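Novice: Model the structure of this input:
(2 chains)
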Amino acid sequence: MTGASTSLTRRQMLAALTAGLAVPGRAHAAASVSPRVATLDWALLETLLAIGANVVAGAELRQFRQVAVEPHVPVGVTDLGLRGLPNFEALHHARPELIFNSNFYAANEPVLARIAPVETHSIYLPGTSPFALAVEATRAIGERLELSAGTAMIEALAAQLDRQRRALSSGDGRPVLPINLGDARHFRVFGSDSMFGEVLARLGLANAWTGPTAYTATAPIGIETLATMPDAWGLLIPPHPADAIGTLETSAFWNALPQVREGRVLILGPVNPYGALPAAGRFADLLTEGLTRAWNG
Amino acid sequence: MHGMAEIARPRPLERRGLAFAATGIGCLALLLMTVWMMPAVPGPAEQAERLRSILLWQSLMPRALLAVLAGAALGLSGALLQHVLRNPIADASTLGIASGAQLALTVALALWPALLVLPREMIAFSGGFLSLAVVLGLSWRRQLDPVTVALSGMIVTMIASALSVAIILARGEYVMSIFIWGSGSLSQQDWSGVLSLVPRLIFGVIATVLLMRPLRVMSLDDSAARSLGVAIHATRLAVLALAVWLAASVTAIVGVIGFLGLAAPAIARYRGARTTGEIAFGAAIAGGLLLFSADSLMQILGPGFSDLAPAGAATALFGGPLLLLLLPRVRSTLGLKTATAVPLRRLRRPETGLALLAVGLILLFALTLTLGVSDDGLVMSAGPAFTELLPFRLPRLLAAGGAGAMLAAAGLVMQRITGNPLASPEVLGVSAGAGAGLTVALFVVAFPSLPVMLGSMAGGALLTFLMMMALMARSGFSAERVLLAGVAAGALGMALVSLVLAQGDMRSYILLLWISGSTNRVGAMEAAITIGALVLLTAPLFFLGRWLALLPLGPDVARSVGLPVAGTRLLLALLAALLTAAGSFVAGPLSLTGLVAPHLARMSGFRRPGHQLAAALMIGAGLLVAADWLSRLVIYPYQIPLGLFSALISGPYLLWLLGRKSDG
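Specialist: Model prediction:
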């Protein structure tokens, strides 16, 4: 299995996603018809970019390019500054015709509404599944913008996760612990109610973290907690502070952990932990690729 | 400081020994409890046993020992600093050493990762020493007057914190480690922290012993010491370097442990330590025990392996009230002069001055309203382009101006009530008290409404200010006592805030936005509320000019002309607290406007309360309007929150002011 087939699925998915856009002429046509849209929310931004909407402005694009990596942000998109401190004048100058907003930035809504009509799609709400909400938001945004790539992306992701679940079902059955290092001594976990947790569930993998979590950033947890989950695969999801990995590698405690001694720690590529379907797909890809490669040595 | 040594009631030696023994037993019990409460490790018995022993010997034990060592290093550092500066409120936190070290590490971590090839400790030491150099450089010619030192230290701390928070915000949520590290987590996974601190502490103890004679001689005045053959400046510098190095080492390994260096020597003195050596080593022991107990409690009270809070935030929680408790018992013989008791010029025609100020403010407002940046650079807008931009610019400028004016008024009222020209919402910890109120509101109600937030902030501010006034009344309003209590109250308030920040959830986000003082999402309604509050709260002050003129002369004078002192004070305190709450709701707790604006008004020569109030209001408004404008200009399209930006421009001004005054 599997190295080859998984990398193929990744390409297939990307192909499916960009089907309507790959031809330059059609992409241009879509851009001229589709309304000019903007958003402060990264999950909505990646959704809009992935379904080929005519995005004119997004927030904190420098950081987005490093953390979310995919989808690619075209050069002409206006950077609105920090998500928590968006520059409304810059947004005004970008002349959007429609603004997509989420609950995180609800406090900005009165000001946003002065610039263009605002539509709210929230993906991270307490007590609800972010995956289901992301599917809902993708479908709704696709319909609103009359872009069929929305439904196509939902179906492609479902197919991808299905395929990857089958590929992973022959694995070692160990639980997986997705974490993001804060420094060499602390990390934050992603429980069952996080996007990563939901992707794990859809891939048929058990989440090693069963403790309480919040749908948003959780309190930092000491690395020693890893000792209480000796069977799990550790998944380190960047971005990590510059010196964290280096310090860990020299730490006696870290090196004594069963996961580390038995080579059950994977470092994935950066994924936005508060993303939508593109982030979910990217996480599933990176995870499947990493796990199958590790299982096969 | 040697005066302070005599204060604590002398205790028989054996009773002191008994107390130490009791504390030791208490700590041992705490250690056993943390071991006993360790969460179970799942899995096969053999593996579980091995992991359990790793946890015990690589995590729990080094952590316990590190707590003792770090506490001892900080306690020793604090005692040395207090001794050599002859300043009972000197400490790594109050001198800006800790925040300087933290800023240096934040910069290294977030902006120049290449710097991390250097040892963390070296980066921290450079930052800490640089801060201390600024603080001492500014107060050098005032013979390191403790009030000047503390004030400079507080301002350096605010500038450094503002920069750190700005960097954290600019980097988004991903610099989580700075949070953890900023609040001082002692969590360990091996002995490396202990191994790096042990030799440093041993060196520190040996150096202290070697420096003991010059240190003791330095308790005399400088000329006496010199005649005994002690090289005063060289010794001072050596001791300062040693103290900073100890504090920076701790900061580099575990982060900022607030307040410990202040509390530990105070405890040692209270327990009866009197000679220089007794205080230094007593402080080391007290610091070690205090940090250990704090950290153990956080471990025991937290669920599983999670701590209830980082130890650094916890010590500030314990340390603040402890110091406030000790305060009345500490009798200083320093006889501080207030740092600003310098004769100032008086304006001959203040009305003309006020008119000029008003014209200036109107011009500034017009400029900031029309001039802005777009992708094409600086643009002066007029006509339809201006009308389009007006809804984005007008509310935030109004809110910034209103907040600046309210903070200025709050500062002025506080200075008048206390008769202390250094009093201000920032210095007295009243802004931090408002933050504590907001924190409580966030805990009780998940998403509090605007009136609830404002009300709880006003409550926190009022409570803090009343507490300050009660303390000041008991201590005869000495400038030193006021500052010390203010530092303690401010640290307590900010400790509560950072406890919530360390939780890393939605509440932290709201608090972080509040600390940064952002006017970005202010709409017409918020602007109207701000201006309404400004009018409502400052209008009465103009009719209370007589009170404001009489109160600084002291309660006896005020009473002799028939002023109901207690009632007057209470009413003014209520107004000041409301002004602080409303002002810092918009501009955050760090803006320093409450200190700078009344100061500028006095310096310009407005002496009568009515004139000074009007001038301070306009200066405060102008300061924050200008800051708000610049904050969205300098790194367009990215913006710097108003409060942080204002601290970054007001802080250096205050430092310059302190430095300049030392000439005169």
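
Novice: tell me the domain ranges of the chain?
Specialist: I went with chain A, as the question did not name one. Following automatic domain parsing, one finds the domains of chain A at A:3-156, A:173-295.

Novice: actually it's chain B I care about, not the one you picked
Specialist: For chain B, automatic domain parsing gives the domain ranges B:22-34+B:55-326, B:368-661.

Novice: need those domains in CSV with mean neighbour count, mean pLDDT and distance to chain A, can you?
Specialist: Glycine gets a C-beta too; all of them are placed from N, C-alpha and C. Formatted as CSV, those follow (neighbours: other CB atoms under 10 Å in any protein chain shown; pLDDT from 0 to 100; distance: least, CB to the nearest CB, whole Å):
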stretch, mean neighbour count, mean pLDDT, distance to chain A
domain B:22-34+B:55-326, 22, 79, 3
domain B:368-661, 22, 82, 4
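
Novice: And the pLDDT for the residue lying farthest from the centre of chain A?
Specialist: Largest separation from the mean C-alpha position in chain A: A:Ala252, at 32.6 Å (CA atoms, centre = their mean). pLDDT recorded at A:Ala252 is 73.

Novice: same check, this time on the one 10 residues further on
Specialist: A:Glu262 is assigned 85 on the pLDDT scale.

Novice: That one: neighbour count?
Specialist: The number of residues packed near A:Glu262 is 11, by other CB atoms under 10 Å in any protein chain shown.

Novice: contacting residues around it?
Specialist: A:Glu262 makes contact with no residue under the criterion CB atoms under 8 Å, 6 or more residues apart in numbering or on different chains.

Novice: So which of the domains of chain A is nearest B:Ala573?
Specialist: domain A:3-156 (32.0 Å; CB to CB).

Novice: Output the domains of chain A as a markdown table; include the columns distance to B:Ala21.
Specialist: Shown next, in a markdown table, are the domains of chain A (distance: least, CB to CB, whole Å):
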| stretch | distance to B:Ala21 |
| --- | --- |
| domain A:3-156 | 50 |
| domain A:173-295 | 32 |
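
Novice: Of these, which is nearest B:Met122?
Specialist: domain A:173-295 (13.6 Å).

Novice: which residues of the stretch 151-297 of chain A fall in strands?
Specialist: A:176-183, A:186-189, A:221-222, A:233-236, A:265-267 (DSSP state E, counting those that start in this stretch).

Novice: wait, which of those strands is closest to chain B?
Specialist: strand A:176-183 (3.4 Å; CB to the nearest CB).

Novice: which residues touch the closest residue in space to A:Pro230 that isn't next to it in sequence?
Specialist: In space, and not counting its chain neighbours, A:Pro230 is closest to A:Pro258: 4.2 Å by CB to CB, 6 or more residues apart in numbering or on different chains. By CB under 8 Å, 6+ apart, A:Pro258 lies in contact with A:Pro230, A:Asp231, A:Arg264, B:Gln47, B:Leu51.

Novice: And for B:Gln612?
Specialist: Here B:Gln612 is in contact with B:Leu412, B:Pro598, B:Ala601, B:Arg602, B:Phe606 (CB under 8 Å, 6+ apart).

Novice: Provide the secondary structure category for the second one.
Specialist: What it means is B:Pro598. helix (DSSP: H, G, I helix; E, B strand; the rest coil).

Novice: out of the domains of chain A, which comes closest to B:Met469?
Specialist: Of all the domains of chain A, the one in closest proximity to B:Met469, counting by CB to CB, is domain A:3-156 (35.6 Å).

Novice: mean confidence for the closest one?
Specialist: Taken as a whole, domain A:3-156 has a mean pLDDT of 81.

Novice: touching chain B at all, that domain?
Specialist: Yes. Interface with chain B: domain A:3-156 contributes A:60, A:63, A:67, A:78-90, A:92-93, A:107-108, A:110-111, A:114 (CB under 8 Å from any CB of the partner chain).

Novice: what's the following helix or strand after the strand or helix carrying B:Trp547?
Specialist: If you go by DSSP states H and E, B:Trp547 is part of helix B:545-550. Counting by DSSP H and E, the next helix or strand C-terminal to helix B:545-550 is helix B:555-560.

Novice: elements contacting that following helix?
Specialist: Where contact means 3 or more CB pairs under 8 Å, 6 or more residues apart in numbering or on different chains; DSSP states H and E, helix B:555-560 is packed against helix B:565-587.

Novice: Now do the phi/psi pair for the nearest residue to A:Gly76 once chain neighbours are set aside.
Specialist: Computed as CB to CB, 6+ apart, the closest residue to A:Gly76 that is not its neighbour in sequence is A:Val56, at 7.8 Å. When read as degrees, to the nearest 10, the backbone of A:Val56 gives phi -110, psi -20.

Novice: Tell me, how many residues neighbour A:Val56?
Specialist: 20.

Novice: ok, it - contacts?
Specialist: Neighbours of A:Val56 in contact, by CB under 8 Å, 6+ apart: A:Arg36, A:Val37, A:Ala38, A:Gly76, A:Val77, A:Thr78, A:Ala94, A:Arg95, A:Pro96.

Novice: Just among those residues, which is most surrounded?
Specialist: In terms of neighbour count, A:Ala38 stands highest of the contacts of A:Val56 at 30 neighbours, by other CB under 10 Å.

Novice: Give me the distance from stretch A:254-273 to the chain's centre.
Specialist: 19 Å (CA atoms, centre = their mean, to the nearest Å).

Novice: Could you tell me the end-to-end distance of that stretch?
Specialist: One end of stretch A:254-273 to the other measures 24 Å (CA to CA, to the nearest Å).

Novice: What are the buried residues along it?
Specialist: A:254, A:256-260, A:264-266, A:268, A:270-273 (16 or more other CB atoms under 10 Å in any protein chain shown).

Novice: Redo the residues you listed as a markdown table? Include distance to B:Phe259.
Specialist: Output for these, formatted as a markdown table (distance: CB to CB, whole Å):
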| residue | distance to B:Phe259 |
| --- | --- |
| A:Trp254 | 32 |
| A:Ala256 | 35 |
| A:Leu257 | 35 |
| A:Pro258 | 40 |
| A:Gln259 | 38 |
| A:Val260 | 37 |
| A:Arg264 | 42 |
| A:Val265 | 38 |
| A:Leu266 | 42 |
| A:Leu268 | 41 |
| A:Pro270 | 38 |
| A:Val271 | 39 |
| A:Asn272 | 38 |
| A:Pro273 | 34 |
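
Novice: for those, which one is nearest B:Leu103?
Specialist: Nearest to B:Leu103 among these, with distances taken as CB to CB, is A:Pro270, at 26.6 Å.

Novice: List the contacts of the closest one.
Specialist: So A:Pro270 contacts A:Gln66, A:Val67, A:Ala68, A:Val69, A:Ile237, A:Pro238, A:Pro239 (CB under 8 Å, 6+ apart).

Novice: Ok, B:Pro555 next?
Specialist: Contact partners of B:Pro555, counting by CB under 8 Å, 6+ apart, are B:Val565.

Novice: Recalculate using a threshold of 10 Å.
Specialist: Going by CB atoms under 10 Å, 6 or more residues apart in numbering or on different chains, B:Pro555 touches B:Gly419, B:Ala473, B:Phe477, B:Leu563, B:Val565, B:Ala566, B:Thr568, B:Arg569.

Novice: could these go into CSV alongside distance to A:Asp285?
Specialist: Output for the contacts of B:Pro555, formatted as CSV (distance: CB to CB, whole Å):
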residue, distance to A:Asp285
B:Gly419, 69
B:Ala473, 68
B:Phe477, 68
B:Leu563, 76
B:Val565, 73
B:Ala566, 71
B:Thr568, 71
B:Arg569, 67
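
Novice: Which elements pack onto whatever helix or strand B:Pro451 lives in?
Specialist: Take DSSP H and E as the rule and B:Pro451 turns out to sit in helix B:450-474. With contacts defined as 3 or more CB pairs under 10 Å, 6 or more residues apart in numbering or on different chains; DSSP states H and E, the packing partners of helix B:450-474 are helix B:311-326, helix B:383-418, helix B:430-444, helix B:479-501, helix B:506-516, helix B:524-543, helix B:565-587.
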